[in-house]
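1. sequence-free structure coming up:
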């Protein structure tokens, strides 16, 4: 009996521990059950309530992560079939579109580029361009990170550039405690440089491709030539969004240098050591040059061919080219790509489509505008600021791609209800999703630099609020002054 009692107690303890670990999963299910049994609000259909409930439950699970995020994607897919009584074939069709192909191809390209290990050469290129003064090097790091991240995605560039930053830090001093503020400036130059530039082009992040997909899905009508403006191509996106990166860059560097005040104003000692290491490695080889040429060809394809065949097709073709050239093995792709992320974005985009189809997105939009109306911010710059603040709050609790996937249908319907241009509101949402400066989990770039061990979570709050205020002001000025000049 004693052994049986011990077994039962151990089983009860394990079950209790499981409940504690998964408590937010059960809380989310309870919230969903309560919502599903509420009386239908005026103007909302039963199907709309179901989709809205699924969205809120999914958001809770995104933020709290009691279960792996790809599991949330699987539940979204099953939920659409069982709760909305949709055919599995119809749900499957909404899971795979050009945006999802683009995300998948971009992740594969990221693995191929990182595989070539050009970090020390990039670091030496930066210091040759900027000189050895710390402030100049930090601006150079941000600029290089930004230019790269605007084309191949911030998580890729952060992973590539972290060794660059750590090389400069460790070559300056072996004592981490003596380099705390210098490390903070260099590492934040990497993560924030990637974040502010990721909105510069459609290939800079999944959120951009997701918003482009929503514009096409919600507003483009092949029989109406006037709706072709919602087919935003690569160059058009750059015209509207790239100046945001360029304007923010000097302000970001000033904020970082003012907030942390690095211990060393000159990194000449590190540069001497770096030069010696580069000389030992020898000149660039043929694989390095083939990698650069292939990537430039993919970039040209995105710029000139995306309108004809889609961004996703070119990204997939580029990944195939790296494999054919032997620059990367399929085993590297298979292990390096987070396929769960692809599934997650596909499922959330699919749910966003149902938000539109059932009228749930429009109902939420109308309710949001009604709340803003008494405050006088239901249109114009006041509405822009409200949407930017909402997106900033959400993106600091989940990935920016997931934030745009969740908010996209809502804000685009808000634009329709408020009489605003959906392109303007969409750009404000996509750009604001890059303002995830306050938390470690806000963006992959922040998570990557935090993993170096040089930063504290309090560092993100210390500098993040300054960055968020600056970025919001720049966005509103750009939207008010620059976009009308270029026809948006």
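-> Cool, got the structure. No experiment lies behind these values; they were computed from the predicted model shown.

2. burial measure for residue 219, as a count.
-> 18 (other C-beta atoms under 10 Å). C-betas here are computed from N, CA, C, even on glycine.

3. again, but for the one 4 residues further on
-> Counted by other C-beta under 10 Å, the residues lying close to residue 223 total 5.

4. Same check on the one 3 residues further on?
-> The burial metric for residue 226, expressed as a neighbour count using other C-beta under 10 Å, is 7.

5. Now do the contacts for it.
-> By C-beta atoms under 8 Å, 6 or more residues apart in numbering, the contact set of residue 226 is empty.

6. do residue 141 as well
-> Counting by C-beta under 8 Å, 6+ apart, residue 141 has contacts 126, 161, 164-165, 186, 189-190, 193.

7. again with residue 245
-> Going by C-beta under 8 Å, 6+ apart, residue 245 touches 146, 150, 196-197, 199-200.

8. where's it, which helix or strand?
-> Using DSSP states H and E, residue 245 maps to helix 234-260.

9. I'd like to know how far the residue nearest the centre of the chain sits from residue 268.
-> The centroid of the chain falls nearest to residue 400 when counting by C-alpha atoms, centre = their mean (3.7 Å). Residue 400 sits 37 Å away from residue 268, going by C-beta to C-beta, to the nearest Å.

10. Also residue 54?
-> Shown here: residue 54 relative to residue 268, a distance of 57 Å by C-beta to C-beta.

11. neighbour count winner among the two?
-> Neighbours per residue, other C-beta under 10 Å: of residue 54 and residue 268, the larger number sits with residue 54, 23 against 12.

12. Which of the helices or strands spans the nearest residue to the more buried one once chain neighbours are set aside?
-> Using C-beta to C-beta, 6 or more residues apart in numbering and skipping the chain neighbours, the partner closest in space to residue 54 is residue 79 (5.2 Å). Assessed by DSSP H and E, residue 79 sits inside helix 69-83.

13. how near is residue 371 to residue 383?
-> In terms of C-beta to C-beta, residue 371 sits 11 Å off from residue 383.

14. Residue 463 too?
-> Where residue 383 is concerned, residue 463 sits at a distance of 28 Å (C-beta to C-beta).

15. follow-up on the earlier one: any chance of the contacts of residue 245 in CSV, plus secondary structure and pLDDT?
-> Putting these into CSV (DSSP: H, G, I helix; E, B strand; the rest coil; pLDDT from 0 to 100) gives the following:
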residue, secondary structure, pLDDT
146, helix, 87
150, helix, 85
196, helix, 89
197, helix, 88
199, coil, 88
200, coil, 89
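
16. And those, which is closest to residue 25?
-> Of all these, residue 199 has the smallest distance to residue 25: 32.6 Å, by C-beta to C-beta.

17. Number of residues surrounding the closest one?
-> Residues near residue 199, counting by other C-beta under 10 Å: 31.

18. Pull the contacting residues for it.
-> 150, 205, 207-208, 241, 244-245, 430-431, 433-434.

19. lowest confidence element among the helices and strands of this structure?
-> helix 2-21 (a mean of 65; mean pLDDT, DSSP states H and E).

20. which other helices and strands contact the helix or strand following that one?
-> Counting by DSSP H and E, the next helix or strand C-terminal to helix 2-21 is helix 23-36. If contacts are counted by 3 or more C-beta pairs under 8 Å, 6 or more residues apart in numbering; DSSP states H and E, helix 23-36 sits against helix 46-64.

21. What residues of the helix it packs on count as buried?
-> Neighbour counts using 16 or more other C-beta atoms under 10 Å place 47-55, 57-62 of helix 46-64 among the buried residues.

22. I'd assumed residue 196 was in contact with residue 434.
-> Yes: between residue 434 and residue 196 a contact is recorded at 6.2 Å, counting by C-beta atoms under 8 Å.

23. Looking at these two, which one has more neighbours?
-> Set residue 434 next to residue 196 and count neighbours by other C-beta under 10 Å: residue 434 wins out with 34 against 31.

24. give me phi/psi at that one?
-> Dihedral pair for residue 434: phi -90, psi 0, per degrees, to the nearest 10.

25. mind listing what it touches?
-> 195-196, 198-199, 205, 207, 395, 400, 443, 471.

26. Repeat that for residue 147.
-> Per C-beta under 8 Å, 6+ apart, neighbours of residue 147: residue 197.

27. Helix or strand: which one has it?
-> Element membership for residue 147 (DSSP H and E) is helix 134-152.

28. Measure how that helix sits relative to helix 234-260, angle-wise.
-> 150 degrees (axes from the mean of the first three to the mean of the last three C-alpha atoms, to 10 degrees).

29. Which secondary structure elements does the helix or strand following helix 134-152 sit against?
-> With elements assigned by DSSP H and E, the helix or strand that comes after helix 134-152 is helix 154-172. Other elements packing on helix 154-172 under the criterion 3+ C-beta pairs under 8 Å, 6+ apart are helix 98-114, helix 119-130, helix 134-152, helix 180-197, helix 268-281, helix 444-450.

30. First-to-last residue distance for stretch 275-294?
-> From its first residue to its last, stretch 275-294 covers 27 Å (C-alpha to C-alpha, to the nearest Å).

31. I meant to write stretch 430-440 there.
-> Stretch 430-440 has an end-to-end distance of 20 Å (criterion: C-alpha to C-alpha).

32. Now do that stretch, average pLDDT.
-> Confidence for stretch 430-440, expressed as mean pLDDT, is 86.

33. Where does pLDDT dip in the stretch 51-200 of the chain?
-> 110, 113-114, 116-123, 155-156, 159, 163, 173-178 (pLDDT under 70).

34. Please work out how many residues are found near the residue nearest to residue 142 when sequence neighbours are not counted.
-> Spatial nearest neighbour of residue 142, chain neighbours left out: residue 193 (3.5 Å); criterion: C-beta to C-beta, 6+ apart. Other residues within reach of residue 193, judged by other C-beta under 10 Å, total 33.
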